[in-house]
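Asks: Predicted coordinates and the sequence they were generated for:
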Amino acid sequence: MSLLLPDAGLLFWMIISFGTVFFILAKYGFPVIVKMVEERRAYIQKSLDDARLAKDQLNNLKVESDAIISSAREEQMKILHEANQIKENIVNSAKQEAKELTAKQIDDAKREITKEKEAAIRSIRLQIAMLSVEVAEKVVRTELSKTPAQMDMINRFLEETSELKS
């Protein structure tokens, strides 16, 4: 017997054993193996589909978040611009009010100064008039202490009054 050339009986039993094992595997083993391979393929395909879907959703979310961020930045810029306009309006309004108040206070101060100036001038005129009257009275007393001077003064007053009437 040779190791390389099997005997016909051995070959017959080997073929029958192989056929039986093949038949049993074909009937019971291969369908289970094929089913498991098919389930595994379906699971991998489902995982790939889920991954693509997740990637698409992630891309959509990224686009949406970029849009939201862009919108938020635009809104922020708009709010800042409006706040600057409001600030400028408030500052301009305050400046205008300050100018008006200052002008009013200056006008009031000028009027007050004018009033006080007029009052001071009246007071000075009154004092000058009183002093003039006192001086005139003293001069007239001294002048009129002499009798001929009194007569000349009376005549002059009479002449002046007659000139004023005519």
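Replies: Structure received. Residues are numbered from 1 along each chain as shown.
Asks: Contact partners for the one residue sitting closest to the centre of the chain?
Replies: Geometric centre of the chain, nearest residue: Ala83, 2.3 Å, by C-alpha atoms, centre = their mean. Under the criterion of C-beta atoms under 8 Å, 6 or more residues apart in numbering, Ala83 has no neighbours. Just so you know, the C-beta spots here come from the backbone N, C-alpha and C atoms, and that holds for glycine as well.
Asks: where in the chain is pLDDT low?
Replies: Low-confidence segments of the chain (pLDDT under 70): 1-3, 140, 142-147, 149-150, 164-166.
Asks: what separates the helix or strand where the residue nearest to the centre of the chain lies from the chain centre, distance-wise?
Replies: Assigned by DSSP states H and E, Ala83 falls within helix 30-144. Helix 30-144 has its C-alpha centroid displaced from the chain centroid by 7 Å (C-alpha atoms, centre = their mean, to the nearest Å).
Asks: Past it, which element shows up next along the chain?
Replies: helix 147-165.
Asks: helices and strands around that next one, which ones?
Replies: Packed against helix 147-165 by the contact rule (3 or more C-beta pairs under 8 Å, 6 or more residues apart in numbering; DSSP states H and E) you find helix 30-144.
Asks: by how many degrees do the helix it packs on and helix 147-165 diverge?
Replies: 130 degrees (axes from the mean of the first three to the mean of the last three C-alpha atoms, to 10 degrees).
Asks: State the number of residues packed around Ile69.
Replies: 10 (other C-beta atoms under 10 Å).
Asks: Please disregard the earlier target; I meant Ile106.
Replies: 10.
Asks: From Gln96, how far out is it?
Replies: Counting by C-beta to C-beta, to the nearest Å, the gap between Ile106 and Gln96 amounts to 16 Å.
Asks: With Ser47 instead?
Replies: Counting by C-beta to C-beta, the gap from Ser47 to Gln96 is 71 Å.
Asks: Kindly report the same for Arg52.
Replies: For Arg52 relative to Gln96 (C-beta to C-beta), the value is 65 Å.
Asks: ditto for Lys117
Replies: Following C-beta to C-beta, the distance that separates Lys117 from Gln96 is 31 Å.
Asks: swap in Ala136?
Replies: 58 Å.
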